[in-house]
Structures are given as C-alpha cells and as structure tokens.
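S.K.: pasting the sequence and the predicted model now:
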Amino acid sequence: MKEESVEELRKNAEENIKKFSTRIYDDYRAKNVDIFEVEREVYSKYPRFLIKDTISITDLEVKVNVEIEGSSDKSH
C-alpha cells in the first residue's frame, strides 16, 4: 500500500473507533447503564466522596492511536 493510503486508513480507523465508542457510551448512559464501570473507578480514586448517579454527570473522552502493521512492499 502507498504511504498516503495507509495514513488515510489509519485516520479513518481512529475516527470510526472514537465515533462508535462515544455512541455506545451515550446510548447506554441514556439508559443509565454504566458499561465502563465509571462509578467504581470514581469510588476507587475518591473513596471519601459519595457521588450518586455518576454516569449521568460523566462524559467520555476517547483517545485513539491506531498503528497499522503489515508486510513490506519488498519482494521475497
């Protein structure tokens, strides 16, 4: 593959992963289902604070880094 094609593929993959992860999170958050166990994570970091309904006040930040590996264009 050409370098430009690989870069475009990588960018598209990152955008799709970010978009669909956010969509899934938002869909379940609307149903008040904590699929990423945000409440448990918050409690483990801040055990002295009681925060009710953590999922409704939480936003998801997705950081994606796609690396594409494959064989080279060289003949064997």
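M.R.: Sure, I can see it.

S.K.: any regions of the chain where pLDDT drops low?
M.R.: Within the chain, the segments meeting pLDDT under 70 span 1, 71-76.

S.K.: that one: helices as residue ranges?
M.R.: Applying DSSP state H to the chain gives helices spanning 3-30, 38-45.

S.K.: out of those, nearest to Val66?
M.R.: Of all these, helix 3-30 sits nearest to Val66, with 4.5 Å by Cβ to Cβ. Heads up, the C-betas are built off the backbone N, CA and C, glycines and all.

S.K.: and that closest one, which residues are buried?
M.R.: Within helix 3-30, the residues that count as buried by 16 or more other Cβ atoms under 10 Å are Tyr25, Arg29.

S.K.: roughly how far does Glu7 sit from Val62?
M.R.: Going from Glu7 to Val62 by Cβ to Cβ, to the nearest Å gives 20 Å.

S.K.: most centrally placed residue in this structure?
M.R.: For the chain, the residue sitting closest to the mean C-alpha position, by Cα atoms, centre = their mean, is Val62 at 4.1 Å.

S.K.: picking that back up, make CSV out of the helices of the chain and add distance to Lys52.
M.R.: CSV is the format used below for these (distance: least, Cβ to Cβ, whole Å):
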stretch, distance to Lys52
helix 3-30, 15
helix 38-45, 9
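
S.K.: and Ile68, which of those helices is closest to it?
M.R.: Across the helices of the chain, closest to Ile68 is helix 3-30 (Cβ to Cβ), at 5.5 Å.
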